[in-house]
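Asker: Build the 3D model from these lines:
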Amino acid sequence: MKKMKTAASVSIITILLCGGMVFGQKRFMLNESEAEKFKMATRLFYKGEQLFSKGNYKKAKEALDDCLDKFPQYANADYYLGRIYYEEGDYLKALEHIENAKKNYKVLADLGASTQLEYMNKLREEKMAAEESLRNLKQRRSTMRPGQGTGQSGEIEDQINQVQKSIDELDQRMKEPLPQVSDPPADFFYIHGNILFKIKKYKDSLDQYLDAVRINPQHGNAYINIANLNFMAKKYERALFYLEKAESCGAKVNPEFRNAIYKAMGQ
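Answerer: Here you go, the predicted model:
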């Protein structure tokens, strides 16, 4: 099957602690000790990711394994380990890691959402402090006698305007929606599909590719592999349909594969 050339676009956000409920869903939270382990795991993950990008799989595995030792639910470390074992041909080990990556992805998503929630709480605190400052400034302005300290009056007026502007900006930032917990990235499903294909679980492999394009409708490589599975199942029209979808997404299509589909269709 076609291999993925680029790493998954998955961002890691440094964890800040907070509590409570978001949108009626309980978020995964860390205590102080767990948060420290998560930070250490994040450093190890970045090290492993960089080594992976350089093709140094041996040292990348060491760093990623250490990451999981610190924080076993670090889904992105399992994702890269899955890719490494796939490249090395150890498909059962690759399958174990990609399944763990998908199972634990919600933890990372929750931690990211928790960080955003803490950010919103800080914005509210800043707004409350600014509103208190605004009330004090207006109180000072109201106690000034007419004609008293024209320069001072103008200075207070400027301060009032600046604080009001800050409050307006904070209101605007607070209107930005918090991220919702989402599915794992499409590449998690794509790699899962590649692994299942290698161990000849073709139906399960197809399901993973279909999930990949559901999450990312522009995933051209997944469309190519869907086309290939349909070709293997002698569903030639569907194979051609998905091959054309892949091409429309900018994926590089093997002309020999296209010709094989045409030939099988009698064209």
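
Asker: Residue 218 belongs to a helix?
Answerer: No: per DSSP: H, G, I helix; E, B strand; the rest coil, residue 218 lies outside any helix segment and is coil.

Asker: What helix or strand is residue 79 located in?
Answerer: helix 75-88 (DSSP states H and E).

Asker: Low-confidence ranges, the stretch 151-267 of the chain, go.
Answerer: For the stretch 151-267 of the chain, residues meeting the criterion pLDDT under 70 lie at 151-152, 177-182.

Asker: at 80 instead, please
Answerer: Applying pLDDT under 80 to the stretch 151-267 of the chain flags residues 151-154, 173-182, 267.

Asker: To what extent is residue 53 buried, counted in neighbours?
Answerer: Using other CB atoms under 10 Å, residue 53 has 12 neighbouring residues. (Glycine included, C-beta is placed from N, CA and C.)

Asker: Check residue 106 too.
Answerer: Neighbours around residue 106, by other CB under 10 Å: 18.

Asker: For residue 244, give its distance to residue 228.
Answerer: Distance from residue 244 to residue 228, counting by CB to CB, to the nearest Å: 14 Å.

Asker: Comparing these two, which shows the higher neighbour count?
Answerer: Neighbours per residue (other CB under 10 Å) separate residue 244 from residue 228, with residue 228 holding more: 23 against 14.

Asker: Now the element after whatever helix or strand the more buried one lives in, going C-ward?
Answerer: Assigned by DSSP H and E, residue 228 belongs to helix 220-232. Going down the chain from helix 220-232, the next helix or strand is helix 236-248, by DSSP H and E.

Asker: now that following helix against helix 220-232, angle please.
Answerer: Note on geometry: by axes from the mean of the first three to the mean of the last three CA atoms, to 10 degrees, helix 236-248 and helix 220-232 are set 170 degrees apart in direction.

Asker: chain center to helix 236-248, what's the gap?
Answerer: 28 Å (CA atoms, centre = their mean, to the nearest Å).

Asker: all strands of the protein, in order?
Answerer: Taking DSSP state E as the criterion, the chain carries its strands at 21-22, 25-26.

Asker: Enumerate every residue touching the residue nearest to residue 83 when sequence neighbours are not counted.
Answerer: With CB to CB, 6 or more residues apart in numbering as the criterion, residue 83 has its nearest non-adjacent residue at 5.9 Å, and that residue is residue 191. By CB atoms under 8 Å, 6 or more residues apart in numbering, residue 191 lies in contact with 4, 79, 82, 83, 86, 94, 98.
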